[in-house]
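*Asks:* Generate a structure from the sequence data that follows.
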Amino acid sequence: MQRILIANRGEIAVRIARACRELGLTPLAVYSEADATAPHVRAADAVACIGPPPSRESYLDIDAVLNAARTLRADAVHPGYGFLAENAAFARAVTAAGMTFIGPSAEAISVMGDKTRARRTVAAAGVPVVPAVEDLPAGAAAAQTAADGLGYPLLIKAAAGGGGKGMRIVHQAGEFGAAREAAAREALSAFGDGRVFLERYFERARHVEVQVLADTHGATVHLGERECSIQRRHQKIIEETPSPGVSSALRERLISAAVAAARSVNYTSAGTVEFLVTDAGEPYFLEMNTRLQVEHPITEWVTGIDLVQAQLRIATGAPLWLTQEDIVARGHAIECRVYAEDPAQQFLPSPGRVEFLREPQGPGIRVDSGIAAGGEITVHYDPMLAKLSVWAADRDAARLRLISALRDYAVMGVTTNIAFLIDVLQHAAFASGATHTHFIEEHLQSWRPDRCEAEVAAIAAALHSMLAPAATTAGGHQRRAASPWQSLGGWRLGGGER
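*Replies:* Residues are numbered from 1 along each chain as shown. Model (predicted):
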């Protein structure tokens, strides 16, 4: 295994390329026409275009990706996360093409990718699962009766989905019918599978997950838990490890359940078992992500273990080089996801050109970035710009370091969530560790940016307008280039207060 095709884009493709180089492997990249000059393309030794910007015609096109792998003489494929990472058909196709799939078996992906099948599999292994109606009747009246029997509030979930798509919270019986139809439509559109099922919904629960590593020789270890409760639209934006709400006794229960879940499908590679922890301290299995997680850097911070390199080594058939006793967590790490989106407008994406970028630096600070100044944030892909993570000796020191790093983060040209992230981290409830999945709705539902931020933006725009290079007109006259920031609606200097 020498030439590794990275079947992804953005920061994770850059991250994998770096890990390949550190192991003496050759990173290869694919890109859509929209990503021809993207950082992940520059990070690879050889590249191939796989189609036009829409992901279904490029990054989700299995044939296009495999053709690129053959053209670039790849002997292994790393899927990253998102796109084809949890697609069992893709894993099988890679193997059938004579290449190594860097991840778990197609069977493990298939079992855990079907939420109802996953629930049954892990329950048989003794893992606690959320009370649910897995086989929802097709008829409206029968489905309503099943929902009433489960009780409210409940959560409608896509059987084949993830990432918050195909999900609806139902608080009372009269809302169920319309919510079920909407969830099924969204699931069919997003995953090609309109099946949904029902779970009891817990209002103030924590979202806690356990990182596991497993080799092809039967060894499985855990790397502790991560707290992922700060979410918007059922998607995480801040993660930390260890969880501020997990006791030693609860940690042992979570770890035991996670390892049992992984072993129930003979799991190999890096994977994450996700749990809901109720306010009464009861853990319930949610799902298993059969891939690398977006938030893997915080586990790397506290354990010192490179999870991407671990995936690469396991894929060669090598046994795990460490035992559970070798894994020791130290300190505290927090990660936030920096998005081109507007928190004041229901987190709507903010596509556009990144005109200026300054990323924070310093001890205990890490930026996993997939953008560069001059790059375009398009409507075709997730608007995450980067992941900013920090490490410190304890939670409050890490929290303060992350706030400081965010204040040093400057992005011009698109609206970002940086100021919002700062306000979350500064909130007294977050500082005390009182996090749960409805934190944003409870504490920051009507959030608006601070007035001084808009004033800083106006000053920056004025300076740019004055300093922009002069352009030459067709008649040979000099004129000042128009600034994309002269209209101040929709962009800010990310969190800066200088």
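*Asks:* For residue 111, which residues are in contact?
*Replies:* 117-118, 121, 265 (Cβ atoms under 8 Å, 6 or more residues apart in numbering). The way it works is simple: take the backbone N, C-alpha and C, and place the C-beta from them, glycine included.
*Asks:* same check, this time on residue 112
*Replies:* 86, 118, 121, 265, 287-290.
*Asks:* Verify the contact between residue 50 and residue 58 for me.
*Replies:* Yes - Residue 50 lies in contact with residue 58 (Cβ atoms under 8 Å); the separation is 4.9 Å.
*Asks:* and for those two, which residues touch both?
*Replies:* Common neighbours of residue 50 and residue 58 (Cβ under 8 Å, 6+ apart) are 30-32, 64.
*Asks:* Which residue, other than its chain neighbours, is closest to the spatially most central residue of the chain?
*Replies:* Nearest to the mean C-alpha position of the chain, by Cα atoms, centre = their mean, lies residue 294 at 3.8 Å. Nearest residue to residue 294 in three dimensions, chain neighbours excluded: residue 81, at 6.1 Å (Cβ to Cβ, 6 or more residues apart in numbering).
*Asks:* Neighbour-wise, which one of the contacts of residue 112 leads?
*Replies:* residue 288 (31 neighbours; other Cβ atoms under 10 Å).
*Asks:* Does anything pack onto the helix or strand hosting residue 143? Which helices or strands?
*Replies:* Assigned by DSSP states H and E, residue 143 belongs to helix 140-150. The contact analysis (3 or more Cβ pairs under 8 Å, 6 or more residues apart in numbering; DSSP states H and E) places helix 140-150 against strand 132-133, helix 176-191, strand 196-200.
*Asks:* Return the set of buried residues in it.
*Replies:* Within helix 140-150, the residues scored as buried using 16 or more other Cβ atoms under 10 Å are 143-144, 146-147, 150.
*Asks:* okay if I get the residues you listed as a markdown table plus pLDDT and distance to residue 313?
*Replies:* Shown next, in a markdown table, are the buried residues of helix 140-150 (pLDDT from 0 to 100; distance: Cβ to Cβ, whole Å):
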| residue | pLDDT | distance to residue 313 |
| --- | --- | --- |
| 143 | 96 | 47 |
| 144 | 97 | 51 |
| 146 | 96 | 46 |
| 147 | 97 | 47 |
| 150 | 97 | 44 |
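*Asks:* Run through this protein and note the low-pLDDT ranges.
*Replies:* For the chain, the stretches flagged by pLDDT under 70 are 163, 451-498.
*Asks:* need the longest strand for it.
*Replies:* strand 220-232 (DSSP state E).
*Asks:* ok, that strand: who's next to it in the sheet?
*Replies:* strand 206-214 (antiparallel), strand 235-241 (antiparallel) (DSSP bridges).
*Asks:* Keeping just the C-alphas, turn stretch 15-29 into PDB.
*Replies:* The C-alpha coordinates for stretch 15-29 follow below in PDB (Å, rounded to 0.1, in the frame of the first residue of the first chain):
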ATOM      1  CA  ARG A  15      -5.300  16.200   6.800                       C
ATOM      2  CA  ILE A  16      -5.100  12.700   5.200                       C
ATOM      3  CA  ALA A  17      -2.500  13.900   2.700                       C
ATOM      4  CA  ARG A  18      -0.300  15.100   5.600                       C
ATOM      5  CA  ALA A  19      -0.600  11.800   7.400                       C
ATOM      6  CA  CYS A  20       0.300   9.900   4.200                       C
ATOM      7  CA  ARG A  21       3.500  12.000   3.700                       C
ATOM      8  CA  GLU A  22       4.500  11.400   7.300                       C
ATOM      9  CA  LEU A  23       4.300   7.600   6.700                       C
ATOM     10  CA  GLY A  24       6.200   7.900   3.400                       C
ATOM     11  CA  LEU A  25       3.100   7.200   1.400                       C
ATOM     12  CA  THR A  26       2.000   9.100  -1.800                       C
ATOM     13  CA  PRO A  27      -1.200  11.100  -1.500                       C
ATOM     14  CA  LEU A  28      -3.400  11.400  -4.600                       C
ATOM     15  CA  ALA A  29      -6.400  13.700  -4.900                       C
END
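*Asks:* Quick one: distance of that stretch to the chain centre.
*Replies:* Relative to the centre of its chain, stretch 15-29 is centred 21 Å away, using Cα atoms, centre = their mean, to the nearest Å.
*Asks:* now stretch 97-112
*Replies:* On Cα atoms, centre = their mean, the centre of stretch 97-112 falls 20 Å from that of its chain.
*Asks:* Now do the buried residues in it.
*Replies:* Within stretch 97-112, judged by 16+ other Cβ under 10 Å, the buried ones are 99-106, 108-112.
*Asks:* Next step: these restricted to helices.
*Replies:* Among the buried residues of stretch 97-112, DSSP state H puts 106, 108-112 in helices.
*Asks:* Please tabulate those in CSV and include distance to residue 188 as additional columns.
*Replies:* Output for these, formatted as CSV (distance: Cβ to Cβ, whole Å):
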residue, distance to residue 188
106, 23
108, 25
109, 21
110, 19
111, 22
112, 21
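*Asks:* in the stretch 351-498 of the chain, which spans are helices?
*Replies:* For the stretch 351-498 of the chain, the helices defined by DSSP state H, counting those that start in this stretch cover 395-407, 418-426, 428-431, 439-443, 451-467.
*Asks:* buried sites along the fourth one?
*Replies:* Neighbour-count burial for helix 439-443, counted by 16+ other Cβ under 10 Å, picks out 439-440, 443.
*Asks:* now swap in stretch 231-240 and tell me
*Replies:* Buried residues in stretch 231-240, defined by neighbour count with 16+ other Cβ under 10 Å: 231-232, 235-240.
*Asks:* same question, stretch 45-63
*Replies:* Buried, per 16+ other Cβ under 10 Å, within stretch 45-63: 47-48, 50-51, 53-55, 58-61.
*Asks:* Ends of it, what's the gap?
*Replies:* One end of stretch 45-63 to the other measures 22 Å (Cα to Cα, to the nearest Å).
*Asks:* Check stretch 431-446 too.
*Replies:* Note: stretch 431-446 ends 20 Å apart using Cα to Cα.
*Asks:* Which residues does it contact?
*Replies:* 203-207, 227, 229-232, 244-245, 279, 395-396, 399, 420, 423-425, 427, 429-430.
*Asks:* now do stretch 239-254
*Replies:* 206, 208, 210, 224-228, 230, 275, 277, 281, 283, 295, 298-299, 301-302, 329, 332-335, 395, 398, 433, 435.
*Asks:* any idea where the strands of the stretch 301-450 of the chain begin and end?
*Replies:* Secondary structure of the stretch 301-450 of the chain (DSSP state E, counting those that start in this stretch): strands located at 332-339, 341-342, 348-349, 352-353, 356-358, 365-369, 376-377, 384-392, 410-412.
*Asks:* Give me whichever of those is most buried.
*Replies:* strand 332-339 (a mean of 26; mean count of other Cβ atoms under 10 Å).
*Asks:* what packs against that strand?
*Replies:* By 3+ Cβ pairs under 8 Å, 6+ apart, strand 332-339 packs against strand 235-241, helix 296-303, strand 384-392, helix 395-407, helix 418-426.
*Asks:* is it possible to export the strands paired with strand 220-232 to JSON lines including distance to residue 360?
*Replies:* Below are these laid out as JSON lines (distance: least, Cβ to Cβ, whole Å):
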{"stretch": "strand 206-214", "distance to residue 360": "25"}
{"stretch": "strand 235-241", "distance to residue 360": "16"}
